[in-house]
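Engineer: sequence and predicted structure, then a few things I'm wondering about:
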Amino acid sequence: MNPHLSFLDGRVLYFGRFLPLHEANSLYRHLRETVPWQQERIRMMGKWVLQPRLTAWYGDPDACYSYSGLLNRPLPWIPVLEELRNRIEAGFSSSFNSVLLNCYRDGRDYMGWHADDERSLGPDPVIASLSLGAERRFFLRLKTSVREKHSNTPYSKDQTELLLGSGSLLLMRGGVQQDYKHALPKALRVNESRINLTFRRIMR
Ligand SMILES: O=C(O)CCC(=O)C(=O)O
Ligand SMILES: [Mn+2]
């Protein structure tokens, strides 16, 4: 499978039409209606706040994931997610034991700057991120610590912007989480919702 776009020396690949649009749309509707979406509370700078999006976590029974002070036990795989996992694994010869689902109800929901660099994901995680529904902007930027370490190297571009369309797949690998943060900012002109699935491998 050839990517439509390749960034950061091939460590970030974008496949604009991983799923045909009709399939992306029906999958989006199915997940929007059937997943037990929850708005979790997380601890941020000493305060409990509601996450600015809805989430659900599926995976193998032992793929527990701790995240902002929460220990997430996965829901058991459902057929649509298992089938998608198999297709993604076959396409990229990687293996995943869990998937985090995010639902951004409209453009007010967002995901702040972070890297998926928790120890439980191992030193060099491969993350496959499938988008459904509303198109949203996604940013990647070099971590400050990395930029300082290489301050002699003139980086032509520290921040990369991508548009994630319905049915697209973004593959992040090759140490991207060590060097870069990413974010899905608010988009106040967007009124439709978007679902994102990040397939991951949790290490024991
Ligand atoms: O919604 C997205 O595209 C990004 C999700 C993400 O970064 C995450 O779940 O860690
Ligand atoms: Mn992430």
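Structural biologist: Yep, that arrived. Numbers count the residues shown, from 1 in each chain. Ligands and ions are numbered 1, 2, ... in the order given.

Engineer: can you tell me which residues in this structure are near ligand 1?
Structural biologist: Leu100, Asn102, Met111, Asp116, Ser129, Phe138, Leu164, His182, Leu184, Asn196, Thr198 (C-beta under 6 Å from any ligand atom). No exception for glycine: its C-beta is placed from N, CA and C like everyone else's.

Engineer: backbone dihedrals for the residue of the chain found nearest ligand 1, please?
Structural biologist: Ligand 1 sits closest to Asn196 of the chain, with a gap of 3.4 Å, by C-beta to the nearest ligand atom. Backbone torsions for Asn196, taken as degrees, to the nearest 10, come to phi -130, psi 140.

Engineer: beta-bridge partners for it, please?
Structural biologist: Beta-bridge pairing of Asn196 under DSSP bridges involves Asn102, Ser131.

Engineer: what ranges do the helices span in this protein?
Structural biologist: Secondary structure of the chain (DSSP state H): helices at 21-34, 79-92, 144-149, 176-179.

Engineer: looking at those, which is buried most?
Structural biologist: Comparing these by mean neighbour count (mean count of other C-beta atoms under 10 Å), helix 176-179 ranks first with a mean of 20.

Engineer: residues in contact with it?
Structural biologist: Identification of contacts with helix 176-179 by C-beta atoms under 8 Å, 6 or more residues apart in numbering yields 8, 11-12, 115-117, 121, 123-125, 127, 140, 142-143, 146.

Engineer: just the buried members of those residues?
Structural biologist: Leu8, Arg11, Val12, Ala115, Asp116, Asp117, Leu121, Pro125, Ile127, Leu140, Leu142, Lys143 (16 or more other C-beta atoms under 10 Å).

Engineer: ok, the third one - contacts?
Structural biologist: Shown here is Val12, whose contacts under the criterion C-beta under 8 Å, 6+ apart are Ser6, Leu140, Thr160, Leu170, Leu171, Met172, Val176.

Engineer: now intersect these with the strands, please.
Structural biologist: Residues of those located in strands (DSSP state E): Ser6, Leu140, Thr160, Leu170, Leu171, Met172.

Engineer: so the fifth one sits right up against Leu13, yeah?
Structural biologist: Yes. Assessed by C-beta atoms under 8 Å, Leu171 is found in contact with Leu13 at 4.5 Å.

Engineer: what about stretch 90-105, average pLDDT?
Structural biologist: The average pLDDT within stretch 90-105 is 95.

Engineer: how far off centre is that stretch?
Structural biologist: Relative to its parent chain, stretch 90-105 has a centroid offset of 8 Å by C-alpha atoms, centre = their mean, to the nearest Å.

Engineer: over to stretch 166-186?
Structural biologist: 7 Å.

Engineer: mind listing what's buried in it?
Structural biologist: Result for stretch 166-186 [16+ other C-beta under 10 Å]: buried residues 166-174, 176-177, 179-182, 184, 186.

Engineer: could you do stretch 34-50 as well?
Structural biologist: Neighbour counts over stretch 34-50 (16+ other C-beta under 10 Å) mark Val35, Trp37, Glu40 as buried.

Engineer: and it, end to end?
Structural biologist: Length of stretch 34-50, first residue to last, C-alpha to C-alpha, to the nearest Å: 22 Å.
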